[in-house]
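Engineer: The sequence isn't on hand, but the structure is:
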């Protein structure tokens, strides 16, 4: 449980984080921040009309670093810091307008995550398919590869759905809140406290991003958020695997982010015969935006439907058969809205 000293330390971290962001916003026109201004309005995924600082990743990394220094007894948070450091310094290059070929970026990210997973034993032990689970547990190298690929899917999915004010920030907050509830229920208080820390971090970010944007997440922010979500899900899964919190609960939790990547790759490669590594305007949130014409309605409507499905999922976290049905139901809803909106747009 939190004690008075922890509350004071949290207050200091919050004040420092707010002051840090305000300092960067106030000096946004200075030369040392010029490369972090998003002023490319012609990009297919751009919907803003004035330059905005891409410092969400810097804020998240600063918050993790500060929290790790203040709460030194949180070993899990230190592990997250080590992995985040490598991913942050790699992904922030894009925010600094240093272009990296998408395929090279993907392979590099996969290698970074693979060695991080191996170093900190962040393995996925079960996907609720018996023969595959046996193979995962009997072949350690494959389990690390499989886990790394899953994490990279979540990171890329986070990057795909980023772009509208609050969409990824609010979606990530909902996921972390649900993970916090699960960890509280089963008494995993270290993970619960880490979830609280990240919820505070996202609240600070959303203060400057939603509904009006003074800052963006940038590539570094969306990559870090995807990484954090994947790590927290794996850690929670490891801590609750003996409490009958089945893998498809976590699959439902990350379904929107994960399926966004999978479906986008499928459409581009199989149907459109295009390079899957380049952006387009055919993601679900962009199609929803074409109907509403506002960021706020797009963000709130997508997350509203997500919350509705997850409220049901929360009640059945220990029912594997029902979880599989709910997982398929989420995909059905995604495809239903997607094709309805595609036809409407045409």
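Structural biologist: That came in fine, so what should we check first? A quick note: this is a predicted structure, and the numbers were derived from the prediction, not measured.

Engineer: Please give the number of neighbouring residues around residue 135.
Structural biologist: Residue 135: 13 surrounding residues under other CB atoms under 10 Å. To be clear about C-beta, it is placed using only N, CA and C from the backbone, and glycine gets the same treatment.

Engineer: ok, and it, which helix or strand is that part of?
Structural biologist: Per DSSP states H and E: residue 135 is located in helix 130-138.

Engineer: Which neighbouring elements make contact with that helix?
Structural biologist: helix 140-161 (3 or more CB pairs under 8 Å, 6 or more residues apart in numbering; DSSP states H and E).

Engineer: Contact partners for residue 230?
Structural biologist: Contacts for residue 230 were tallied using CB atoms under 8 Å, 6 or more residues apart in numbering; they are 150-151, 154-155, 254.

Engineer: Farthest pair within the residues you listed?
Structural biologist: Greatest spacing in those, by CB to CB: 155 and 254 (11.2 Å).

Engineer: These two: which has the busier surroundings?
Structural biologist: Applying other CB under 10 Å to residue 155 and residue 254 shows that residue 155 carries more neighbours, namely 27 against 19.

Engineer: surely that one meets residue 106?
Structural biologist: No: using CB atoms under 8 Å as the test, residue 155 is too far from residue 106 to be in contact (9.7 Å).

Engineer: returning to what we had before: next, the buried residues of the helix holding residue 135.
Structural biologist: residue 136 (16 or more other CB atoms under 10 Å).

Engineer: I'd like the numbering to begin with 12 instead of 1 from here.
Structural biologist: With 12 as the first residue, the last one maps to helix 141-149.

Engineer: list the helices and strands the one helix or strand residue 320 maps to packs on?
Structural biologist: Assigned by DSSP H and E, residue 320 belongs to helix 306-326. If you count contacts as 3+ CB pairs under 8 Å, 6+ apart, helix 306-326 packs onto helix 178-196, helix 258-264, helix 295-303, helix 331-356.

Engineer: one more time with 10 Å, if that's ok
Structural biologist: Where contact means 3 or more CB pairs under 10 Å, 6 or more residues apart in numbering; DSSP states H and E, helix 306-326 is packed against helix 178-196, helix 258-264, helix 266-277, helix 295-303, helix 331-356.

Engineer: so which of those is the most packed in?
Structural biologist: Comparing these by mean neighbour count (mean count of other CB atoms under 10 Å), helix 258-264 comes out on top with a mean of 25.

Engineer: which strands and helices sit next to that helix?
Structural biologist: Partner elements for helix 258-264 (3+ CB pairs under 10 Å, 6+ apart): helix 178-196, helix 229-251, helix 266-277, helix 306-326, helix 331-356.

Engineer: Try it again at 6 Å.
Structural biologist: Helices and strands touching helix 258-264, as assessed by 3 or more CB pairs under 6 Å, 6 or more residues apart in numbering; DSSP states H and E, comprise helix 331-356.
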